[in-house]
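*Asks:* Sequence first, then the predicted structure, then my questions.
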Amino acid sequence: MRPFVPLVAVLVFGCVLNANGAFFEWQTHRAVLREISVGGILASGMTVVIVSGGIDLAVGSVLALSAVSFAWLTLLHGLPGFFALPLVLLVGAAAGALSGVLVAWPRMQPFIVTLAMMVFARGLAKELSGGQKISTYVQDPSGAFRSVPLPAVFEALDGRVLGGNVSVVTLVFLGSAFVTWVILERLRVGRYLFAVGGNFEAARLSGVPVHFTLIFAYVLSGICAALAGICQAAQETHGDPETGLGYELDAIAMVVLGGTSLMGGRGGVALTVIGALTLGYLEKVLSLNAYSSELRLMLTGVILVLAVLFQRRFGRESA
Amino acid sequence: MHARDFGRRLAFVLVLGGCHEKASAPAPGASPAATTSTAGGGPVAAGERKLVIGVSQCNLGEPWRVQMNADLKTAARKHPNVTLVFKDAQNDSLRQRAQVEELAAAHVDVLVISPKEAAPLTKPVAEVFHQKIPVIVLDRAVDGDEFTTFVGADNQRIGREAGKLVRELAGARANIVELEGLMTSTPGQDRHKGFREGLDLANHPGLELVFEADMAWLEPNARKEMESALAAHRKIDVVYAHNDPGAHGAYLAAKAAGREHEMKFVGIDALPQEGVRYVKDGILDATFAYPTGGAEAIALALELAAGKTVPHHVTLGTRLYTKANVDQGGEAIQ
């Protein structure tokens, strides 16, 4: 029940400061669920990496690289969505695999490896896009601009289903969280991940394929980052090489707020969903009331610390 | 937009290496203090002598600055004797200072600099100026007057024009939303201050500013803030954002709520592939150009190389783009 306490506290906070009743309207909650989706997809992958005892700082940049790649394929080269989607997921998987291999064999620090990948992927995104957004207004090699229609896949991803009540990206988020849950809780590789994160040497000696497990974690995080990038591009209607700056920190905050241990070996993705909701609602309450950005930053910092402190104090397993 | 300080990113900047296109190797062992007289000396006709212009750009992380470099290149291409040497300081004042010294050591004929911030770059710029290398300061200022000429637009004036336009669009009674750029940056403060002057709420009691929020120049943030504004207010008539991506984000939020036809959207910057195109597509109702000064800088550099004197301060005008005039290239506001 513990992870729910900060969330409930934030919801109560929202009911009190309801901005003339805006907090009680469904569109506000629909908006929160949409706004946390990109961060939540990143956090799903991040949970797996953190459970394995690592960290993935590259997700924000891989998100940008994927958004640019997706826009480059669909807008600039007119590739249909069903073809571009798997290609972009492959880009994310490749970036993750590269980080994973460097963490697994030379046993480099995940912090350093993914920091390097973060810088590299950002550079690649800028190179691919020429430093500009790739939008529906594309430049031909001759230098002339022409408008292309927004592909259906963009409209579909930024659309809503179930009578306009749920954003499609929210479903993508819940889907990634569910897949991650199955991996961590129901598959053998999930047990390996917890084992490797808990004690690498012990896991290796008891026959866990430690290298494969580590690479698996970073590949999954890369795929999640690519998926988040596709959602970001669809929502912005272009591929922006500067997008997703600092998103890795939001994703880490969502994971930690849920109660997953940064030391590895303990946690779960259900907790991450709660963490994402807590952060999303906190932002929404502060935004609805149009508090100044200075106050918002300070309040967010204070509430994050209080939430984690609370979990440690009342938790059976301290985070 | 020109002091977008992505603080969180700075923590990681330490690992970034310096990278620049077409970097000319500085003369080994050349002392930055060495007095040379490559340029600014006797009158030399432009077009005959080779002219190397060093460009120190504070950061290429924003489309507007990419556009500035593109404008410089386009203008320079018309003069085959001009060579541009670009350096990108990646939003780091000390790196920019080192790059200014490198350009001086390489004996460029003219230095064009768009400084990240005034204080740390005033002295390096003054040193180059005293080496008799003409210095053109673009967009952001340095302190004092130890440079040849400053070229820049006036954010507060553009904000004021935006305020007047919003007042016209609003009519007698209206609810207005302001989505602000980073309010710790000078452009954000000026675009805000000018806007309020132009809007003149004190003398127009029918106008109400119902929602304002800092979206830090970022489109996803603008969309989030606009969703809050839409939830909290049943009637919104005009949205003013400090840059075009912000106005576009607000439009997307209104469209998702099915309310985009209820209100008008005004932005600033008017990059050709961004704001101007949004106006053409009917997404924005108006945008104001924030000129880069790239073309003007090259023209001034050529005049300086020819030994002419140039004004110490050049203020660039703005252009208003609306649906009515966008196909004619907008309308200049003097």
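*Replies:* Great, that's in hand. Numbering: from 1, shown residues only, chains lettered A, B, ... in the order given.

*Asks:* what about the strands in the chain?
*Replies:* No chain was given, so I picked chain A. Here chain A has its strands, by DSSP state E, at A:137-139, A:145-147, A:160-161, A:166-167.

*Asks:* wait, chain B
*Replies:* With DSSP E as the criterion, chain B has strands spanning B:51-57, B:82-88, B:110-114, B:135-138, B:149-153, B:174-180, B:207-214, B:238-241, B:264-269, B:286-289, B:313-316, B:318-322, B:331-333.

*Asks:* Which of those strands sits closest to chain A?
*Replies:* Closest approach to chain A among the strands of chain B is made by strand B:207-214 (3.9 Å; C-beta to the nearest C-beta). All C-beta atoms are positioned from the backbone trio N, CA, C, and that covers glycine.

*Asks:* So which elements touch that closest one?
*Replies:* For strand B:207-214, the contact count by 3 or more C-beta pairs under 8 Å, 6 or more residues apart in numbering or on different chains; DSSP states H and E identifies strand B:174-180, helix B:186-199, helix B:219-232 as packing neighbours.

*Asks:* how about the residues of the stretch 201-319 of chain A that lie near chain B?
*Replies:* Proximity of the stretch 201-319 of chain A to chain B (C-beta under 8 Å from any C-beta of the partner chain) is limited to residues A:232, A:235-237, A:240, A:242-243, A:245-246, A:249, A:283-284, A:287-288, A:290, A:292-293.

*Asks:* re the thing from before, indicate which one of the strands of chain A is closest to residue A:67.
*Replies:* strand A:137-139 (15.6 Å; C-beta to C-beta).

*Asks:* In stretch A:216-235, which residues are buried?
*Replies:* For stretch A:216-235, a neighbour-count test (16 or more other C-beta atoms under 10 Å in any protein chain shown) marks A:216-235 as buried.

*Asks:* Which residues are in contact with the most centrally placed residue in chain A?
*Replies:* Centroid-nearest residue in chain A, with C-alpha atoms, centre = their mean: residue A:42, separated by 1.4 Å. Applying C-beta atoms under 8 Å, 6 or more residues apart in numbering or on different chains, one finds that residue A:42 lies in contact with A:59-60, A:63, A:224-225, A:228, A:247-248, A:250-251.

*Asks:* and if we set it to 6 Å?
*Replies:* Residue A:42 is in contact with A:59, A:228, A:251, counting by C-beta atoms under 6 Å, 6 or more residues apart in numbering or on different chains.

*Asks:* coming back round to it: which one of the helices and strands packed on strand B:207-214 lies closest to residue A:70?
*Replies:* Of all the helices and strands packed on strand B:207-214, helix B:219-232 sits nearest to residue A:70, with 15.8 Å by C-beta to C-beta.

*Asks:* outside of that closest one, which residues touch it?
*Replies:* Outside of helix B:219-232, the residues that reach it under the criterion C-beta under 6 Å, 6+ apart are A:19, A:22, A:25, A:27-28, A:31, A:35, A:236, A:287-288, B:177, B:179, B:211, B:213, B:215, B:245-246, B:249-250, B:252-253, B:257.

*Asks:* pLDDT weak spots in chain B?
*Replies:* B:1-48 (pLDDT under 70).

*Asks:* That one - how does it break down into domains?
*Replies:* What the record gives for chain B is the domain set B:41-147+B:293-316, B:155-290, from automatic domain parsing.

*Asks:* Of these, which stretch is the most buried?
*Replies:* Comparing the domains of chain B by mean neighbour count (mean count of other C-beta atoms under 10 Å in any protein chain shown), domain B:155-290 comes out on top with a mean of 22.
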